[in-house]
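[1] Kindly generate the corresponding structure for this input.
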Amino acid sequence: MEESLVSNTFSPPPAAVPAQGQPGAPASAPRLLKQRRRRPGLIALSVALIAGGGLAGALLYAASGHRSSVVVVVKDVPVGGQITADDLGQASIALDPRVKAVSASKERVLVGQRAAVDLKAGSLLSPSQVTRQSLMGPSQQLVGVSLKPSQLPASPLSPGEHVVIVSTPDPDTISGTGKPVAASGSTPTLDATVVAVGKPAVATGQITVDVAVDSVDGPSLAARVATGDVSLVVAAQDGN
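    Coordinates of the predicted model:
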């Protein structure tokens, strides 16, 4: 009876199930990999953009790194003044092609020439600012002509410009007919060359223009300027 009970209650342990990946384990279904579709056009565009960006960067680096040796002014030189070696220096700068400058290799050629305009220390020298011609000849005198805005053209005057100084009639010489009395029957004029142009006075706008005239005419022009009875006319340049 006891043997019967033991045989009825005993049951064998359940069989162990092999783990996945071990021999005898059931094979799992393969995972499907989703393949990406390649787009040749998009790849070509990316390559072109990368190449273009690299080329632009290289060009920008080359442009910013290119420097030129040019002549600069280290001392003030007044218009008409003779340029010396101490007045000039050199600088290495990244220069825009549109800027006209004098190459450092031509610095020695500039020595002995004259300033066509006022040269300021620290400025870049351009070819048009120097000249081989003296604004004053050996037989000329420099006379300052003080003029009101109504006595000269509104267009700015430049050093080296040829002008005509005209003697205007004095009101005391007006006859009863309203015409000026002139012994020669014509208005006296005097040829001159502009050497320097001053700044207009704040209150009156009056400008002093330094002109070069023949030595024989200097004293008479100064006397006429003192009366204020003069005007300045710009002459035709180069025969035009």
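[2] and the helix or strand containing residue 108, average pLDDT?
    Here residue 108 sits within helix 107-110, counting by DSSP states H and E. The average pLDDT within helix 107-110 is 90.
[3] Give me the buried positions along it.
    The neighbour-count check on helix 107-110 (16 or more other Cβ atoms under 10 Å) flags 107, 110 as buried. Where you see a C-beta, it was placed from the backbone N, CA and C, and this is true even at glycine.
[4] Please name every helix or strand in contact with that helix.
    strand 88-93 (3 or more Cβ pairs under 8 Å, 6 or more residues apart in numbering; DSSP states H and E).
[5] partners of the strand it packs on in the sheet?
    strand 68-73 (antiparallel) (DSSP bridges).
[6] got a list of contacts for the helix or strand just after the helix holding residue 108?
    For helix 107-110, the succeeding helix or strand toward the C-terminus, using DSSP H and E, is strand 114-115. Applying Cβ atoms under 8 Å, 6 or more residues apart in numbering, the external contacts of strand 114-115 come out as 77-83, 129-135.
[7] Other residues contacting the helix holding residue 108?
    With contacts defined as Cβ under 8 Å, 6+ apart, helix 107-110 is touched by 71, 83, 85, 88, 90, 102, 125, 130.
[8] re the thing from before, ok, of the contacts of strand 114-115, which come out buried?
    77, 79-80, 83, 129-131, 135.
[9] hey, where'd the helices end up in the protein?
    2-9, 40-65, 107-110, 218-227 (DSSP state H).
[10] Tell me who's in contact with residue 212.
    Neighbouring residues of residue 212 by Cβ under 8 Å, 6+ apart: 135-137, 140-143, 192-193, 195.
[11] re the thing from before, can the buried ones among the contacts of strand 114-115 go into a markdown table with extra columns for distance to residue 214 and pLDDT?
    Below are the buried ones among the contacts of strand 114-115 laid out as a markdown table (distance: Cβ to Cβ, whole Å; pLDDT from 0 to 100):
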| residue | distance to residue 214 | pLDDT |
| --- | --- | --- |
| 77 | 26 | 87 |
| 79 | 20 | 74 |
| 80 | 17 | 74 |
| 83 | 26 | 91 |
| 129 | 27 | 88 |
| 130 | 26 | 89 |
| 131 | 21 | 86 |
| 135 | 14 | 75 |
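[12] How many neighbouring residues does residue 225 have?
    The number of residues packed near residue 225 is 19, by other Cβ atoms under 10 Å.
[13] swap that for residue 204, sorry
    Around residue 204 sit 10 other residues, with neighbours defined as other Cβ under 10 Å.
[14] swap in the one 4 residues further on?
    Other residues lying near residue 208 total 15 when counted by other Cβ under 10 Å.
[15] pull the CA atoms of stretch 217-237 into PDB?
    What follows is stretch 217-237, C-alpha atoms only, in PDB (Å, rounded to 0.1, in the frame of the first residue of the first chain):
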ATOM      1  CA  ASP A 217      53.400 142.000 -61.500                       C
ATOM      2  CA  GLY A 218      53.600 140.900 -57.800                       C
ATOM      3  CA  PRO A 219      53.600 144.400 -56.100                       C
ATOM      4  CA  SER A 220      50.800 145.800 -58.300                       C
ATOM      5  CA  LEU A 221      48.600 142.800 -57.700                       C
ATOM      6  CA  ALA A 222      49.100 143.000 -53.900                       C
ATOM      7  CA  ALA A 223      48.100 146.700 -54.000                       C
ATOM      8  CA  ARG A 224      44.900 145.900 -56.000                       C
ATOM      9  CA  VAL A 225      44.100 143.000 -53.600                       C
ATOM     10  CA  ALA A 226      44.300 145.300 -50.600                       C
ATOM     11  CA  THR A 227      41.400 147.400 -52.100                       C
ATOM     12  CA  GLY A 228      39.300 144.300 -52.600                       C
ATOM     13  CA  ASP A 229      38.600 145.200 -56.200                       C
ATOM     14  CA  VAL A 230      39.600 141.900 -57.800                       C
ATOM     15  CA  SER A 231      37.900 138.700 -59.000                       C
ATOM     16  CA  LEU A 232      39.300 135.300 -60.000                       C
ATOM     17  CA  VAL A 233      38.400 133.600 -63.200                       C
ATOM     18  CA  VAL A 234      39.500 130.000 -64.000                       C
ATOM     19  CA  ALA A 235      41.300 129.900 -67.300                       C
ATOM     20  CA  ALA A 236      40.900 127.100 -69.900                       C
ATOM     21  CA  GLN A 237      43.200 124.200 -69.100                       C
END
